[in-house]
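>>> my questions concern the predicted model and sequence given below.
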Amino acid sequence: MTASPTRARRAEMRARLLVKATRCLQALALLALFGAGSATAEDGPGCLDCHSPEPDSPVHAIYDNVHGTLEGGGANACTACHGASEVHDRRGKRAAPDVSFGPRWPADLETRNGACVSCHASGDQLLWTGSAHQQEDMACTDCHTLHRASDPILDDRQATAFCGECHSQVRGELRLPSHHPIAEGELACGDCHNPHGSAGDAALRETSINDNCLGCHQEKRGPFLWEHEPVSEDCSLCHRSHGSVHDRLLVARGPALCQQCHSAAFHPSVPYGGESLGGNSGAYVVGKDCLNCHGQVHGSNHPSGARLTR
């Protein structure tokens with residue numbers, strides 16, 4: 001037995017009403033999620049009236065990170081960084097928002113960075129003012145990308161490649177035979193440097209290069225009974241930070257490196273040959289290394305280690 005035409009039409013109408021109600025609920029859910037409002041002052045900004053909440057719109061990826069929750073989220077998150085932007089929002093003109101990060105309407109550098117520093121003024125960002133990058137007139141958005149679920153610069157491997165775009169000499173040094181394992185992803189530039197500023201040289205995280213190095217190489221810290229003065233003074237006197245053609249990141253190969261300071265004194269003074277005090281050839285240094293005997297070059301606690309031999 002089939003339903004009458006009247007009953008069929010009623011069922012069809014109920015189905016259509018159900019579909020319409022479902023669509024309305026979905027629309028309300030989107031409005032609640034993204035905070036789209038009218039363009040009146042009472043209802044708040046209408047950023048999402050134009051920047052529609054379509055899932056494929058790149059601008060909405062910001063709602064997948066912490067910046068999308070500012071000021072309660074939705075359009076309020078937009079104004080937290082871009083300002084109220086009343087002319088841009090309410091008059092329908094092709095005018096810039098109060099704070100635009102470009103590329104179409106870039107605000108001046110101080111305004112752009114000020115929007116970021118108003119929240120990020122502590123921790124790693126504490127010393128941004130006066131830092132090398134700040135003095136080079138860099139904007140925060142030169143490195144950071146906010147309308148993404150995850151900022152690429154926060155990924156160690158991507159950050160290393162990004163830093164290398166400007167620091168080309170360092171990028172080359174990381175490919176030398178002896179180097180810190182940065183290119184391999186075991187270390188990152190940010191492990192040693194704070195790009196937002198530092199109290200030390202070269203944006204180092206510690207105040208001195210020795211403190212920076214000894215954070216990992218703690219076995220070289222000492223104190224030692226017998227100290228090697230260059231070690232306690234500056235690690236970079238003997239080692240290159242990023243890479244070297246010589247083993248162990250040395251600035252020169254031994255014994256040439258050692259004999260830049262240690263001249264003839266109870267020992268042959270010519271790196272690759274020469275005669276010892278007894279008239280014999282310098283067999284201990286010919287094609288070899290001072291470290292063959294003086295193995296504790298960073299310091300020794302042995303009672304007989306005055307010459308750093310043990």
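Arrived safely, thanks for sending. This structure is a prediction, so every number in the text was calculated from the model and none was measured. Residues are numbered from 1 along each chain as shown.
>>> relative to Cys143, how far out is Glu229?
39 Å (CB to CB, to the nearest Å). For glycine as for every other residue, the C-beta is placed from the backbone atoms N, C-alpha and C.
>>> between these two, who's got more neighbours?
Counted by other CB atoms under 10 Å, Glu229 and Cys143 do not tie: Cys143 has more neighbours, with 17 against 8.
>>> burial of His262, as a residue count?
By other CB under 10 Å, 13 other residues sit near His262.
>>> residue contacts, it?
Neighbour list for His262: Cys290 [criterion: CB atoms under 8 Å, 6 or more residues apart in numbering].
>>> do the same with Trp128
Neighbours of Trp128 in contact, by CB under 8 Å, 6+ apart: Val117, Ala121, Gln134, His196, Gly197.
>>> list buried residues within those.
Gln134, His196, Gly197 (16 or more other CB atoms under 10 Å).
>>> next step: those restricted to helices.
Residues of the buried ones among the contacts of Trp128 located in helices (DSSP state H): Gln134.
>>> redo the buried ones among the contacts of Trp128 as JSON lines? Include distance to His180.
Formatted as JSON lines, the buried ones among the contacts of Trp128 follow (distance: CB to CB, whole Å):
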{"residue": "Gln134", "distance to His180": "26"}
{"residue": "His196", "distance to His180": "21"}
{"residue": "Gly197", "distance to His180": "22"}
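>>> and which of the buried ones among the contacts of Trp128 is nearest Asp155?
Using CB to CB, His196 comes nearest to Asp155 of the buried ones among the contacts of Trp128, at 17.2 Å.
>>> just checking, that closest one touches Leu127?
Yes: His196 lies in contact with Leu127 (CB atoms under 8 Å); the separation is 6.7 Å.
>>> can you give me the buried ones in the host helix or strand of Glu165?
If you go by DSSP states H and E, Glu165 is part of helix 156-166. By 16+ other CB under 10 Å, the buried positions in helix 156-166 come out as Ala159, Thr160, Phe162, Cys163, Gly164.
>>> against Val170, how distant is the fourth one?
Put plainly, it is Cys163. 8 Å.
>>> again with the second one
Applying CB to CB, the value for Thr160 to Val170 is 10 Å.
>>> ditto for the first one
Look at Ala159 and Val170: by CB to CB, they are 13 Å apart.
>>> where does the stretch 1-150 of the chain have low pLDDT?
Residue ranges of the stretch 1-150 of the chain with pLDDT under 70: 1-11, 13, 15-46, 52-56, 89-94.
>>> who's in contact with Trp105?
Counting by CB under 8 Å, 6+ apart, Trp105 has contacts Ala96, Pro97.
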